[in-house]
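Have a look at this prediction, sequence included:
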Amino acid sequence: MPKLTIDGQEIEVEAGLTVLQACEQAGAEIPRFCFHERLSIAGNCRMCLVEMERAPKPVASCAMPVGDGMVIRTNTPAVQQMRKGVMEFLLINHPLDCPICDQGGECDLQDQAMAYGADRSRYEENKRAVKDKNIGPLIKTIMTRCIHCTRCIRFAQEVAGVPELGATGRGEHMEVGTYVEKALTSELSGNLIDLCPVGALTSAPYAYNARSWELKKTESIDVMDALGAAIRVDSRGAEVMRIMPRLNEDVNEEWISDKSRFACDGLRKRRLDRPYVRRDGKLQEASWQDAFSAIAAQIEGKDGSKIAAIAGDQTDVETMAAMKDLMTALGSSNMDCRQDGATVGNECRASYLFNTTVAGIEDADACLIIGSNPRLESPVLNARIRKRYLMGSFPIGVIGEQADLTYSHSNLGSGTSTLAELADGNGDFAKVLKSASRPMLIVGSGVQARNDGAAVMALARQIAETFGMVSDDWNGFNVLQTAASRVGGMDIGFVPGPGGLGTSGILSSVARGAIDTLFLLGADEIDTTALSHAFVIYQGHHGDRGAHAADVILPGAAYTEKSGTYVNLEGRVQQTTQAVFPPGDAREDWTIVRALSDAVGKTLPYNDLHGLRVRMSHENSVFDVSDTLKGAAWGAFGAIGDMDPSPFQSSVQDFYMTDPISRSSETMAACKQEIGGVEGKTGTDG
């Protein structure tokens, strides 16, 4: 490890670091605009200049690798003068927009101009002006502010894998844009806003809505997919103004998807803010007592076999645990957290987890994707796969629909026949898997929802075992869940009990009248036309499909309005934090179930959140500690049987409209209209 001296302090650092990174480790602050830890080095802005002994001129510390014996000075009068000069050049053409710029208060240019710049300008000529670019409904461009750091270009090329941004011209005539004016087609494009160190790229939906110092900042977890990305909810009063990413190296690094970031305007639309009871064929406003009384009258004296419950994709574990206890008290084992109709996955925990872990993708050396489109199902996880692909020596094979996944891959086939051939060891990719030391496979959640899901899962398990994907120190078998509630629901046991029915069985029983009372916990992705013969109690936060079919509506809280537990796709227990209060008479969901248990005479044995979480821990020890991973024991799952020859399909076909929140979002509607189905375009070129 090289040793170098920084401002008189000798420090030993890891080989391969830059001088800038070494200076940071030594406690010396180095200003920068173009440098970013996760992007390639550009050396554009020159703000990071330092003095190096025996060097004939100042050194750009971001582009200089550390070497043994280097002597670096970061705060001499000469360095200070360099920084003032660089800042003066950067501000030559930058407009004085600070009072109206949405970046105000969070702007690197503001901060560094104050800390390192001069106190006056000598430039009197006219500033340049650059035409704003239209790059879609999510990002507002004011390109006159651009300082040509090229962070946006490098992110689009390297992380997002959609090389649609570039630069034309040279010097002050250089302009960043899309060459041909078009909307960016990446599901990660909103991260450009965070990367831009000035106000050239800002959030279009958030424009002129608030200032950063007006907002209350609450750390939480994203539930728009199953990744469990770390987010920050910025709110003002009772309104969520924006969603920002937080750093979590093990899960999302510092990226979030566009749906996670921009669908928050859907939290204000089509909200359920008071109970409703259907009278004379119409839903009418009611009190909580009236709603509970209607449910109690329906349930009184009813056999448990005629009652069922289905949990939706954003239901927290506390609510499912409370509803499970209530259903058990009512004598019913008809419950399911898999509203897509999947019937597999509850044999052992490893059969429904992303066992490799998200960070573990970087340790794999081959990948097989079965019936999944990670780019649509989990864009941030897909970026991690691309990151591993760019490291080299990472062959990827796909069995399923053709799509541009942002990295090169081999399309092996579309259905179960290809999977069976691979399981038998036939084909070139079988040789790739055999030669790999840490191969992995990813099964899409849509595969589990097929009628032959059990047989396909058994074959996938066979492949994992045959090609050495499971060992004492490595588990390469992964299921890419898309529902934030799925793993938590499986862990808490919100699945059919002995003799109980799952989602498909519940819906068919409702259609023929065998089940006449159905609880929907935010379940909107089911066939609601089959519910006309049952008494439906819908508990949720949006007036979506499930609410339209309901006889009683109990208004619940969205994920930003409650403290709830979720388990992400790799089995990590996480908790949201309440940022704002639910609107009107809406309440946290588990408290509704607890109050309802009183009304139906089956009082649950806990009165507060702590008591409920203790109950969850007793049910499953994974809930003992938050934000930790426990390895899942490998076991048998699936069932060998006949398989449907039809092609595999991704469980997500419309990225921008997957849940009640995104379907209520004007921003997501604009994305669907302007960007449309470009994500599904075919291609294999990364």
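Arrived safely.

What are the buried residues along stretch 504-523?
Along stretch 504-523, these residues count as buried under the neighbour rule (16 or more other Cβ atoms under 10 Å): 504-507, 509-511, 514-523. C-beta here means a position set from N, CA and C on the backbone, and glycine is covered the same way.

Let me fix that, I meant to ask about stretch 214-228.
Buried-residue list, stretch 214-228, by 16+ other Cβ under 10 Å: 215, 218, 220-228.

Distance of Asp325 relative to Pro137?
Asp325 is 44 Å from Pro137, where distance means Cβ to Cβ, to the nearest Å.

mind checking pLDDT for Gly281?
Gly281 carries a pLDDT value of 89.

got it, and the one 3 residues further on?
We have a pLDDT of 96 for Gln284.

hey, what's it bridged with?
Using DSSP bridges, the beta-bridge partners of Gln284 come out as Val277.

Give me the neighbour count for the residue nearest to Lys3 when sequence neighbours are not counted.
Computed as Cβ to Cβ, 6 or more residues apart in numbering, the closest residue to Lys3 that is not its neighbour in sequence is Glu12, at 4.9 Å. Using other Cβ atoms under 10 Å, Glu12 has 12 other residues around it.

picking that back up, from the buried residues of stretch 504-523, which land in strands?
Secondary structure from DSSP state E places 517-521 of these in strands.

returning to that earlier point: my read is that the residue nearest to Lys3 contacts Ile6, right?
No - contact criterion Cβ atoms under 8 Å: Glu12 and Ile6 do not qualify, at 11.2 Å.

before we move on, back to that, from the buried residues of stretch 214-228, pick the one nearest Pro498.
For those, the residue nearest Pro498 by Cβ to Cβ is Ala226; the value is 27.9 Å.

how near is that closest one to Phe655?
Distance of Ala226 to Phe655, given as Cβ to Cβ: 14 Å.

before we move on, what about Gly584?
For Gly584, the distance to Phe655 - Cβ to Cβ - is 31 Å.

Looking at these two, which one has more neighbours?
Ranked by neighbour count (other Cβ under 10 Å), Gly584 and Phe655 place Phe655 first, with 26 against 12.

Leaving out chain neighbours, which residue sits closest to that one?
Using Cβ to Cβ, 6+ apart, the nearest residue to Phe655 is Leu376, at 4.8 Å.

And the helix or strand hosting that neighbour, what does it pack against?
Per DSSP states H and E, Leu376 falls inside helix 374-377. Contact here means 3 or more Cβ pairs under 8 Å, 6 or more residues apart in numbering; DSSP states H and E; on that basis helix 374-377 packs against helix 379-391.

for the helix it packs on, packing partners?
When contacts are defined as 3+ Cβ pairs under 8 Å, 6+ apart, helix 379-391 sits against helix 374-377.

what's the burial count for the closest residue to Gly635 other than its chain neighbours?
Closest residue in space to Gly635, ignoring its immediate chain neighbours: Cys348 at 3.6 Å, by Cβ to Cβ, 6+ apart. Using other Cβ under 10 Å, Cys348 is surrounded by 14 other residues.

Now the terminal residues of stretch 273-281, how far apart.
Counting by Cα to Cα, to the nearest Å, you get 21 Å between the two ends of stretch 273-281.
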